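In: Mind folding the following:
(chains A and B, ligands or ions: 2)
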Number of protein chains: 2
Amino acid sequence: MANTYDIAYDLEKQIRESDEYEQLKQAYQAVNEQAEAKKLFDDFRQLQLELQQKQMTGEAISEEEAKSAEQSFQNIQQHKEITALMSAEQRMSLMINDLNQIITKPLQELYGTLEEENK
Amino acid sequence: MANTYDIAYDLEKQIRESDEYEQLKQAYQAVNEQAEAKKLFDDFRQLQLELQQKQMTGEAISEEEAKSAEQSFQNIQQHKEITALMSAEQRMSLMINDLNQIITKPLQELYGTLEEENK
Ligand SMILES: [Ca+2]
Ligand SMILES: [Ca+2]
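Out: Numbering: from 1, shown residues only, chains lettered A, B, ... in the order given. Ligands and ions are numbered 1, 2, ... in the order given. Just a heads-up that it's a prediction; the model follows:
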């Protein structure tokens, strides 16, 4: 029987050849070819990251920042290349989450069972 | 060719049958059978979690809390069942990290390439 790493490499190949990955790649290329859309999207991602970091560290988000994020989100949604990319990212992310849940089931069982025993 | 999910299930099976998983399971059982060690370890994990959450939210950790964590860590290290479990957890974690790196390589490549293009 193939070993754990061989199977992981098979899975990697399969992900690389999946429709989800192919569509994500194409959606990224489409955004990259549109300089304006690309800049708007990069700015949105950057702002999103900054706000997430503030939330994580419990720092207050000003009304101005919240408005700016809302405005940025409205702007990017005007570009069909960006909405297509966001959909493709979400589909990819769902697949990866599904795969992770399958793969980490043995660990979830181990910790879950022990938690039960502790009750 | 088998599909993505079939291969993920193969990988799950392989992880479940790995030496790393078998040893982790046994190490957990050994700690669970020792009521004193189990309690010390649960308390240590709880304390560790609380301190991590404080660090993440930027909350100050008092000298007393730091000493308490240090003492708790020294206590658990007296129990060979606990040190064995911590080693087993680390080996399992290394394997899972390796597998994740393999599987997510297509995504790292996609984002990495785009980051390069942005420079
Ligand atoms: Ca517990
Ligand atoms: Ca970028």
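
In: Could you list the domains of chain A?
Out: Residue ranges for each domain of chain A read A:1-30+A:80-119, A:35-78, as given by automatic domain parsing.

In: Does the longest one reach ligand 2?
Out: So that's domain A:1-30+A:80-119. No - Domain A:1-30+A:80-119 lies out of reach of ligand 2 by C-beta under 5 Å from the ion, never closer than 10.2 Å. For every residue, glycine as well, the C-beta is placed using N, CA and C.

In: Now that domain: average pLDDT?
Out: Taken as a whole, domain A:1-30+A:80-119 has an average pLDDT of 89.

In: does that domain come close to chain B?
Out: Yes - contact of domain A:1-30+A:80-119 with chain B (C-beta under 8 Å from any C-beta of the partner chain) involves A:1-5, A:7-12, A:14-16, A:18, A:21, A:24-25, A:28, A:92, A:95-96, A:98-99, A:102-107, A:110, A:114, A:117-118.

In: circling back to that earlier point, which stretch among the domains of chain A is buried most, on average?
Out: Each of the domains of chain A was given a mean neighbour count from mean count of other C-beta atoms under 10 Å in any protein chain shown, and the largest, a mean of 16, is that of domain A:1-30+A:80-119.

In: show me where chain A has helices.
Out: A:4-16, A:19-32, A:35-56, A:63-76, A:80-103, A:105-118 (DSSP state H).

In: I would like the residues contacting the fourth one, please.
Out: Same thing as helix A:63-76. Applying C-beta atoms under 8 Å, 6 or more residues apart in numbering or on different chains, the contact partners of helix A:63-76 are A:37, A:40-41, A:43-44, A:47-48, A:51, A:82-83.

In: would you turn these into CSV with distance to ligand 1?
Out: Converted to CSV, these look like this (distance: C-beta to the ion, whole Å):
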residue, distance to ligand 1
A:A37, 49
A:L40, 47
A:F41, 43
A:D43, 44
A:F44, 41
A:L47, 39
A:Q48, 35
A:L51, 34
A:I82, 44
A:T83, 44
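
In: which one among the residues you listed gets closest to A:S62?
Out: Of all those, A:L51 has the smallest distance to A:S62: 10.3 Å, by C-beta to C-beta.

In: Pull the contacting residues for that closest one.
Out: A:61, A:65, A:69 are the contacts of A:L51 under C-beta under 8 Å, 6+ apart.

In: from memory the first one sits against A:K54, does it?
Out: Yes - A:I61 sits in contact with A:K54 when judged by C-beta atoms under 8 Å, with a separation of 5.5 Å.

In: So for chain A, which residue is the most central one in space?
Out: Geometric centre of chain A, nearest residue: A:S93, 5.1 Å, by C-alpha atoms, centre = their mean.
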